[in-house]
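In: just coords:
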């Protein structure tokens with residue numbers, strides 16, 4: 001148990017790892033090992049517990065992996081085993097876990113020094129920077145791709161495809177990731193905020209979470225902007241719920257998530273009608289799904305593999321939609337549209353959909369941003385373009401500050 005207060009954003013800074021929502025989550029420093037998805041479970045199983053540990057078995061209280069699952073099913077996942085992980089739990093307590101290559105690295109002095117180093121940093125000093133924003137996917141190419149996807153839906157080839165575009169932000173000086181994390185917290189505290197590998201973002205969408213036998217998912221699909229005016233936003237939310245186009249887009253996603261989880265569960269409940277989930281810049285249709293997994297309980301990473309990519313980022317049927325996306329989009333998505341999160345040795349974990357994100361260059365002087373929307377028979381290309389413009393604001397407003 002950690003007996004001092006700390007801010008997980010300050011623990012991560014710009015060179016650690018972070019996955020947090022509403023103050024509950026994890027931050028790590030240092031790297032003991034890296035692995036892909038196939039080696040994740042065995043790596044955690046190989047970590048033995050020091051006899052002096054307090055034996056706290058709550059999810060996230062021991063060694064954990066934080067990582068990224070790519071959009072394409074045949075892509076390679078990336079997971080990091082941090083040297084030190086500080087976890088904040090939903091009961092308000094915090095725990096610290098130190099992992100070392102040998103017992104000498106687990107002394108009381110080593111633990112104290114690691115915690116002191118992790119919690120000693122405060123907010124970064126404000127600094128100026130200069131930016132240029134360029135389109136990687138031209139507006140014309142994006143609009144043509146939307147029309148092609150809409151035509152594929154109308155002809156019966158697919159039921160839905162998510163078409164995305166990307167832009168790139170160039171900075172004169174390295175982008176201050178620590179400062180970006182704090183800006184994301186200020187505007188998107190109720191989203192899953194993450195900094196793992198070269199990806200940083202604030203996702204409003206829970207792909208799947210497992211705690212013991214309990215399983216939880218909260219798919220989102222169907223989007224409307226937010227203006228900041230309460231009356232206007234209320235009207236836009238009502239229009240979103242009433243929209244046949246958005247309801248169709250949402251139903252495709254819910255049916256897939258439900259049908260995927262149901263065979264794994266002794267029971268599964270979901271909301272009869274979607275509700276509106278609002279974040280700072282947009283609002284979505286969302287449906288909560290909760291259930292109990294059957295024995296033997298599948299580890300969270302198995303469910304991530306079953307669900308990813310969700311139709312909220314790929315489409316339906318999945319293979320046909322992914323093939324169409326590969327033909328229509330300008331460049332590969334990488335980790336955008338995949339999953340980001342954490343898992344422990346007991347199979348517990350939480351993964352969000354990797355959206356509202358930026359892919360950082362190694363020198364931190366550029367960031368590639370992504371935004372997309374679900375295309376169905378009623379989609380209007382210019383309305384889809386406007387939706388991506390609204391979605392880009394999440395990361396643009398956090399990065400581009402004078």
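Out: Now that the structure is in, tell me what you want to look at. A quick note: this is a predicted structure, and the numbers were derived from the prediction, not measured. Numbers count the residues shown, from 1 in each chain.
In: quick one: residue 270 and residue 286, what's the gap?
Out: 11 Å (CB to CB, to the nearest Å). Just so you know, the C-beta spots here come from the backbone N, C-alpha and C atoms, and that holds for glycine as well.
In: cool, residue 323 as well?
Out: Taken as CB to CB, the span from residue 323 to residue 286 is 28 Å.
In: now do residue 205
Out: Per CB to CB, residue 205 is found 8 Å from residue 286.
In: again, but for residue 182
Out: For residue 182, the distance to residue 286 - CB to CB - is 26 Å.
In: Kindly report the same for residue 75.
Out: Using CB to CB, residue 75 is found at 27 Å from residue 286.
In: Same question for residue 148.
Out: The value you get for residue 148 to residue 286, if CB to CB is used, is 28 Å.
In: Neighbour count for the two, which is higher?
Out: Neighbour totals were compared for residue 148 and residue 286, and residue 286 leads with 22 against 15 (other CB atoms under 10 Å).
In: tell me the contacts of that one?
Out: By CB atoms under 8 Å, 6 or more residues apart in numbering, the contact set of residue 286 is 205, 218-220, 274-277.
In: Mind doing that once more with 10 Å?
Out: 204-206, 218-222, 250, 253-254, 271, 274-278 (CB atoms under 10 Å, 6 or more residues apart in numbering).
In: how near is residue 156 to residue 317?
Out: Residue 156 is 11 Å from residue 317, by CB to CB.
In: Which of these two has more residues huddled nearby?
Out: residue 317 (16 against 8).
In: tell me the phi and psi of the most far-flung residue of the chain relative to its centre?
Out: Distance to the chain centre peaks in the chain at residue 104, reaching 35.8 Å (criterion: CA atoms, centre = their mean). Note on residue 104: backbone dihedrals following degrees, to the nearest 10 are phi -60, psi -20.
In: How about the contacts made by it?
Out: Residue 104 neighbours (CB under 10 Å, 6+ apart): residue 110.
In: As a check, name the ranges of all strands in the stretch 151-300 of the chain.
Out: Under the criterion DSSP state E, counting those that start in this stretch, the stretch 151-300 of the chain carries strands at the ranges 160-171, 192-196, 199-203, 206-211, 214-218, 220-225, 265-270, 275-278, 282-286, 289-293.
In: For residue 57, which of those is the nearest?
Out: strand 206-211 (11.5 Å; CB to CB).
In: average model confidence for that closest one?
Out: Averaged across strand 206-211, pLDDT comes to 97.
In: and if you look at stretch 48-62?
Out: The model assigns stretch 48-62 a mean pLDDT of 77.
In: same thing with stretch 132-143?
Out: 95.
In: Going by neighbour count, which residues in that stretch are buried?
Out: 137, 142-143 (16 or more other CB atoms under 10 Å).
In: mind checking the end-to-end distance for stretch 279-292?
Out: This stretch, stretch 279-292, spans 29 Å end to end (CA to CA, to the nearest Å).
In: Can you point out the buried residues in that stretch?
Out: Neighbour counts over stretch 279-292 (16+ other CB under 10 Å) mark 279-287, 289-292 as buried.
In: can you give me how far that stretch is from the chain middle?
Out: 13 Å (CA atoms, centre = their mean, to the nearest Å).
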